[in-house]
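*Asks:* Would you be able to build a 3D model of this:
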Amino acid sequence: RIDRFSIPRLRYTAGGEHGRWYRFSRRIERRPWLFLAVASGILIAFMIPAFDIEMGVSDDGNRPTDYTSRRAYDLISNGFGPGVNGALFAVVDNPTGQLQPAELERVRRALIDDVGVAAVLPPDLSANGETALIPVIPTTAPQEAETRELVTRLRESAVPQALHTASPDTRILIAGSTASFEDVTAKMISRLPYFFVIVIGVSILLLMMAFRSIVVPLKAALMNMLAIGASIGFIVAIFQWGWGLSLIGLDRTGPIESFLPMFMFAILFGLSMDYEIFLLSRIREHWLETGDSGESVAFGIGASARVITAAAAILIAVFGSFAFFGDERAVKEFGMGMAFAIFIDATLVRLVLVPAFMQIAGPANWYMPKWLDDALPGLTIDPPIPVRTRVRRMIGIALHMVLARPQKSALH
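*Replies:* Now for the predicted structure:
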């Protein structure tokens, strides 16, 4: 009676070797190279925009038009130019004596010579005359790539040129919100390789200790990187290139928030490893019982696919709400990237790429050099199965396969 109200085609079905996911895995087993190539091609296609990523910080121009800050931003840009919303400041300091007007004028001329500078306002001297603040107005908006390039040029070209004619103790520093965001972005980019190496290295080590294999952890790390790269490419195509941007309530493109790749990588790698352990633990359990690689992969998919897809559906709904109901651009980027990455990981990666690769590798999935097996400590997820229990289970499986065969009718 309860099942009478269930949604069509979503009614509960048995897992293991009786479910639709088991049959789907068996279909992959017949053509693993085809499924591997198609799934990899889709991921690589989504990943292509990631190579054009521009990391930075979005400005008030990316807020919804009903925000007061957005309306004020547009009024300032239309009336005074886009660079006024993100003015830079040249801080001139001489701790040994007062700054001279001629010296400040030479600094001002060196700054205004850059093609990206719209105006350089008169300097504002401190009370003791040792420090001056010179506002620099760019020709472009704060989040534009040209503005970030201007910061670099001023620091590497204009400032050294001005210092040639200044007193020996004079310092010139480029400051402002745009310059500070550029510094934060540069620092995070410089730390990303170390972050990736540590996270991936620790994950591979733990998987090797748990599943006693070097192929499975390397495969997991590679496929996780493909899924994360595809999700970053997806948000680049939307938020930087503008594909479908209006569907989530935005009307202006911009750079990807500089903190987003690091945050997404950390969270998604952890979630992906959870799904990987759900799947591999069942596959390895059946492999230890039967020694049949193809059957073990199909059984593991059939037994864990429902758990993986259900958990992923909950997370997709949560993160998707950030993208469609959040107001801040950074929140929308995070929600859209996470929802898409979890969808790709729980479907294309876990249920297609993983079984296709493991069907191709066969028993080599569980290869582990003897010296490495001895060196690594044991980290078993499940207690070892006694030999007597394994024999009983194998006999039970054999009897089930014989008795479950359809019998011919006596009438025929």
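
*Asks:* need the helices for the stretch 151-300 of the chain, in chain order.
*Replies:* With helices called from DSSP state H, counting those that start in this stretch, the stretch 151-300 of the chain shows them at 159-164, 177-211, 215-235, 260-290, 293-325.

*Asks:* In contact with Gly270, which residues?
*Replies:* Shown in contact with Gly270 (C-beta atoms under 8 Å, 6 or more residues apart in numbering): no residues. Yep, even glycine has a C-beta here, placed from its N, CA and C like the rest.

*Asks:* on that earlier part again, any idea which of the helices of the stretch 151-300 of the chain is most buried?
*Replies:* When those are scored by mean count of other C-beta atoms under 10 Å, the highest mean neighbour count falls to helix 215-235 (a mean of 22).

*Asks:* I'd like to know which elements that one is packed against.
*Replies:* If contacts are counted by 3 or more C-beta pairs under 8 Å, 6 or more residues apart in numbering; DSSP states H and E, helix 215-235 sits against helix 32-47, helix 177-211, helix 260-290, helix 329-344, helix 354-361.

*Asks:* of those, which approaches Asn62 most closely?
*Replies:* helix 329-344 (4.4 Å; C-beta to C-beta).

*Asks:* lowest average confidence, helix or strand, in this protein?
*Replies:* Least confident helix or strand, the chain: helix 387-403 with a mean of 61, by mean pLDDT, DSSP states H and E.

*Asks:* still on that earlier bit, can you lay out the helices of the stretch 151-300 of the chain as JSON lines showing distance to Ser246 and mean pLDDT?
*Replies:* JSON lines is the format used below for the helices of the stretch 151-300 of the chain (distance: least, C-beta to C-beta, whole Å; pLDDT from 0 to 100):
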{"stretch": "helix 159-164", "distance to Ser246": "41", "mean pLDDT": "82"}
{"stretch": "helix 177-211", "distance to Ser246": "26", "mean pLDDT": "89"}
{"stretch": "helix 215-235", "distance to Ser246": "16", "mean pLDDT": "92"}
{"stretch": "helix 260-290", "distance to Ser246": "21", "mean pLDDT": "86"}
{"stretch": "helix 293-325", "distance to Ser246": "12", "mean pLDDT": "88"}
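
*Asks:* I'd like to know which of these lies nearest to Val349.
*Replies:* Across the helices of the stretch 151-300 of the chain, closest to Val349 is helix 215-235 (C-beta to C-beta), at 5.1 Å.

*Asks:* between the closest one and helix 293-325, how big is the angle?
*Replies:* Angle, helix 215-235 to helix 293-325, by axes from the mean of the first three to the mean of the last three C-alpha atoms, to 10 degrees: 30 degrees.

*Asks:* Now do stretch 351-366, average pLDDT.
*Replies:* For stretch 351-366, mean pLDDT rounds to 88.

*Asks:* now the helices of the stretch 151-300 of the chain as CSV including distance to Trp243?
*Replies:* Formatted as CSV, the helices of the stretch 151-300 of the chain follow (distance: least, C-beta to C-beta, whole Å):
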stretch, distance to Trp243
helix 159-164, 39
helix 177-211, 23
helix 215-235, 9
helix 260-290, 17
helix 293-325, 14
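
*Asks:* Would you tell me which of those gets closest to Ile48?
*Replies:* Nearest to Ile48, of the helices of the stretch 151-300 of the chain and by C-beta to C-beta, is helix 215-235 at 6.0 Å.

*Asks:* what's the spacing between that closest one and its chain's center?
*Replies:* 9 Å (C-alpha atoms, centre = their mean, to the nearest Å).

*Asks:* just the CA coordinates of that helix, formatted as PDB?
*Replies:* Extracted in PDB, the C-alpha atoms of helix 215-235 (Å, rounded to 0.1, in the frame of the first residue of the first chain):
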ATOM      1  CA  VAL A 215      46.900   1.600  -8.700                       C
ATOM      2  CA  VAL A 216      43.600   2.400  -6.900                       C
ATOM      3  CA  PRO A 217      44.900   5.500  -5.100                       C
ATOM      4  CA  LEU A 218      46.600   6.900  -8.200                       C
ATOM      5  CA  LYS A 219      43.400   6.400 -10.200                       C
ATOM      6  CA  ALA A 220      41.400   8.100  -7.500                       C
ATOM      7  CA  ALA A 221      43.600  11.100  -7.400                       C
ATOM      8  CA  LEU A 222      43.700  11.500 -11.200                       C
ATOM      9  CA  MET A 223      39.900  11.200 -11.500                       C
ATOM     10  CA  ASN A 224      39.300  13.600  -8.600                       C
ATOM     11  CA  MET A 225      41.500  16.100 -10.300                       C
ATOM     12  CA  LEU A 226      39.600  15.700 -13.600                       C
ATOM     13  CA  ALA A 227      36.300  16.300 -11.800                       C
ATOM     14  CA  ILE A 228      37.600  19.400  -9.900                       C
ATOM     15  CA  GLY A 229      39.100  20.800 -13.100                       C
ATOM     16  CA  ALA A 230      35.800  20.300 -14.900                       C
ATOM     17  CA  SER A 231      33.900  22.200 -12.200                       C
ATOM     18  CA  ILE A 232      36.400  25.100 -12.300                       C
ATOM     19  CA  GLY A 233      36.000  25.200 -16.100                       C
ATOM     20  CA  PHE A 234      32.300  25.200 -15.600                       C
ATOM     21  CA  ILE A 235      32.300  28.300 -13.400                       C
END
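
*Asks:* SS state for Ala127?
*Replies:* Here Ala127 is coil, with the state taken from DSSP: H, G, I helix; E, B strand; the rest coil.
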